[in-house]
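Engineer: With the input below, show me the fold.
(one chain, ligands or ions: 1)
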Amino acid sequence: MTQPHLLSLGIKRKKIYRLLFLVIPAILGFLITLTLIHFLLFNEDKKNLNSDLDKMGLESRILNSEIMSALSSAKSDNSPLCSQENLNKMRRALWRDKYIKDIAHIKKNQIICSASWGTLKNPISLQKESKIFSKNFKHWKNTPDPITKNTIINMLSIGHTLILIKKDLFNKYYYKLNKNNNVAFELKTFNYIFRHYGNISPETLIKAKTGTTLTSMTKKSCANKDQCIIIKNNKMGLLGTSDSNLLIAIIVSTISGLTLSYILFLSSTRHRSQLQHLKRAINNGDIYLEYQPKLCLVTHEITGVEALARWHDKTFGRVSPDVFIDLAEKHDLMEKLSHLVVHRAFQDMSPIMKKYPDISLSINLSMKDISQGQILCFINKQAELYHIAHDRVIFEVTERTNDGVDLIEKSVAEFTKAGYKISLDDFGTGYANLSWLSKIRPNEIKVDKIFTQSIGTESINQNMLNAIFFMLQKLDVTVVFEGIETQEQLTYLTSLSTDAMGQGWLFAHPMTTDKLENYLEIHHPNFLT
Ligand SMILES: Nc1nc2c(ncn2[C@@H]2O[C@@H]3COP(=O)(O)O[C@H]4[C@@H](O)[C@H](n5cnc6c(=O)[nH]c(N)nc65)O[C@@H]4COP(=O)(O)O[C@H]3[C@H]2O)c(=O)[nH]1
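Structural biologist: From the prediction side, this is the model:
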């Protein structure tokens, strides 16, 4: 007797598995969607970063050329410093400039004239510079305009020329950049960072390696060997997105995880309920049979019929035998189903076989049915009950596994000893056909329909069909070609052999017993009255 605590342990374990079956897909769905969203946003950030880098690179080239032209305009080869001619030349250069606010001359650290203000009556002293690159090259960072005092600017002094640069250099890009972007505009020759934006220190930034990781991207663009712009976004994708976007991403991912879990739940419920319905159908005997004639390909004489199981369910509609046989095999329902099929087939076919004494009856059995042995006893009893001669029954078996070949060999031998015939079904598609062939020694071999249907095509199966036929010819077996649908296939097969058998829609679809009786009356008139 099962211990109660073991029973409850089993139920608990089942519940846990069911819960895991719901939770794991939900988590997976959530993570997969979140990752997808991350990479979508990541891609968007990457595009923005590349475009910002291109635009800033262009602007840095403009600034560079403006500084160069300011310097050359400030040169006073032919006229003295701050002369009218010298100032006019500087004004002409300044007029075109985008980033340069003013060009001035300095003497002993004092501004003496500028393109905007002309010669100053009182020279203006310069504040302490932020960086001295050399005696002749200095930089002031974020310093008040020394002449107007009203704005913050940057300044470069090169020799006796002072260039006043608007502070909003690249501002329109900086403003657009999100808080995770870090930018450094570096003057490499002087190892100096001209402008910097972001949380990462400029020193760290210029040392950062260019490249991409799952969450960050660093890129560098150099206008010439000297001027480089480095951009680093260290919170790409979801990591750097706004709180509201993150919330939306979490909601979408949760919905997608729950949807996946729900779909799997529904399909498993459907599977379970299909199984319940099948169990009920087998118990209530709701599985019925259709019969497909088997004929001689040359004479078209009907030599037998194959019983094929059918299930029509109120909820699931017509379920293919490939599906419900598989379900029955997986859930140990095959024995009951096969009993039902044998019983139905003998019951249906008994009067017909009496009327047509040369017609055989083929029934599909799984290898498991045959190897378990008990079914033979049942079959014998049913054959006796319905007065069916054993040698008129052919059991079709398909080899789906390679297990227990020896056991099968013994079981098949018992069937043969009892007078039944054995047919090896779906030949050419399953496992180890040749080894099975030598063990089972069937009376009949059914070549799978994929070979028949390859006739007239360029496929490898067409070549295999010839090889299979050539090999089977040497054996003392009836060869049946399945799935003949066209005249072309029939012509080809009859050219291979004059005594082969066949089945297929070209002759007849599987049909109910009523239809089979009508069919036989028309196509097989030599019956006993
Ligand atoms: N495309 C095409 N198909 C054709 C043609 N002529 C016949 N067929 C189909 O080919 C299959 C032949 O049966 P099978 O190879 O034994 O293959 C069977 C058999 O392996 C299994 N099966 C059916 N009934 C039973 C049963 O009672 N017991 C067992 N164990 N298996 C069964 O299910 C499989 C599928 O059965 P069905 O769907 O009825 O499909 C049947 C039949 O309807 C044709 O010209 N063209």
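
Engineer: What mean pLDDT does stretch 46-61 get?
Structural biologist: In this model, stretch 46-61 carries a mean pLDDT of 86.

Engineer: CA atoms of that stretch as PDB?
Structural biologist: Output of stretch 46-61 as PDB, limited to C-alpha atoms (Å, rounded to 0.1, in the frame of the first residue of the first chain):
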ATOM      1  CA  LYS A  46      24.900  53.700 -31.100                       C
ATOM      2  CA  LYS A  47      23.400  55.500 -34.100                       C
ATOM      3  CA  ASN A  48      23.100  58.700 -32.100                       C
ATOM      4  CA  LEU A  49      26.700  58.400 -30.800                       C
ATOM      5  CA  ASN A  50      28.100  57.900 -34.300                       C
ATOM      6  CA  SER A  51      26.100  60.800 -35.700                       C
ATOM      7  CA  ASP A  52      27.200  63.100 -32.800                       C
ATOM      8  CA  LEU A  53      30.800  62.000 -33.300                       C
ATOM      9  CA  ASP A  54      30.600  62.800 -37.000                       C
ATOM     10  CA  LYS A  55      29.000  66.200 -36.400                       C
ATOM     11  CA  MET A  56      31.400  67.200 -33.700                       C
ATOM     12  CA  GLY A  57      34.300  66.000 -35.800                       C
ATOM     13  CA  LEU A  58      33.200  68.300 -38.600                       C
ATOM     14  CA  GLU A  59      32.800  71.200 -36.100                       C
ATOM     15  CA  SER A  60      36.300  70.600 -34.700                       C
ATOM     16  CA  ARG A  61      37.600  70.800 -38.200                       C
END
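
Engineer: List the buried residues for that stretch?
Structural biologist: Buried residues in stretch 46-61, counted by 16 or more other CB atoms under 10 Å: Lys46, Asn48, Leu49, Asp52, Leu53, Met56, Gly57, Glu59, Ser60. For the C-beta atoms, the positions are set from N, CA and C on the backbone; glycine is no exception.

Engineer: same check, this time on stretch 138-150
Structural biologist: In stretch 138-150, counting by 16+ other CB under 10 Å, buried: Lys138, His139, Trp140, Lys141, Thr143, Asp145, Pro146, Ile147.

Engineer: Which of those fall within strands?
Structural biologist: Lys138, His139, Trp140, Lys141, Thr143 (DSSP state E).

Engineer: so the second one makes contact with Ile153?
Structural biologist: No. Taking CB atoms under 8 Å as the definition, His139 is not a contact partner of Ile153, at 11.6 Å.

Engineer: Which residue ranges of the stretch 201-350 of the chain form helices?
Structural biologist: 202-207, 243-284, 321-330, 334-355 (DSSP state H, counting those that start in this stretch).

Engineer: Point out the most buried one among those helices.
Structural biologist: helix 334-355 (a mean of 19; mean count of other CB atoms under 10 Å).

Engineer: What strands flank whatever helix or strand comes next after that one, and is each parallel or antiparallel?
Structural biologist: Once the chain leaves helix 334-355, the next helix or strand it forms, by DSSP states H and E, is strand 360-365. With DSSP bridges as the test, strand 360-365 is paired with strand 302-313 (parallel), strand 393-397 (parallel).

Engineer: Please save the CA atoms from the first one in CSV.
Structural biologist: Going back to what we said before, that points to strand 302-313. C-alpha atoms of strand 302-313 as CSV (Å, rounded to 0.1, in the frame of the first residue of the first chain):
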residue,chain,number,x,y,z
ILE,A,302,-7.8,-6.0,-55.2
THR,A,303,-5.9,-8.3,-52.9
GLY,A,304,-6.5,-6.8,-49.5
VAL,A,305,-7.5,-3.8,-47.4
GLU,A,306,-5.6,-1.9,-44.7
ALA,A,307,-7.5,-0.9,-41.6
LEU,A,308,-6.7,2.7,-40.5
ALA,A,309,-7.8,4.1,-37.2
ARG,A,310,-9.9,7.3,-37.1
TRP,A,311,-10.9,9.6,-34.3
HIS,A,312,-13.4,12.4,-34.6
ASP,A,313,-13.6,14.4,-31.3
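
Engineer: The buried residues of stretch 46-61 also near the ligand: which ones?
Structural biologist: Among the buried residues of stretch 46-61, proximity to the ligand is found for none (CB under 6 Å from any ligand atom).

Engineer: These in helices, which ones?
Structural biologist: Judged by DSSP state H, the buried residues of stretch 46-61 include Lys46, Asn48, Leu49, Asp52, Leu53, Met56, Gly57, Glu59, Ser60 as members of helices.
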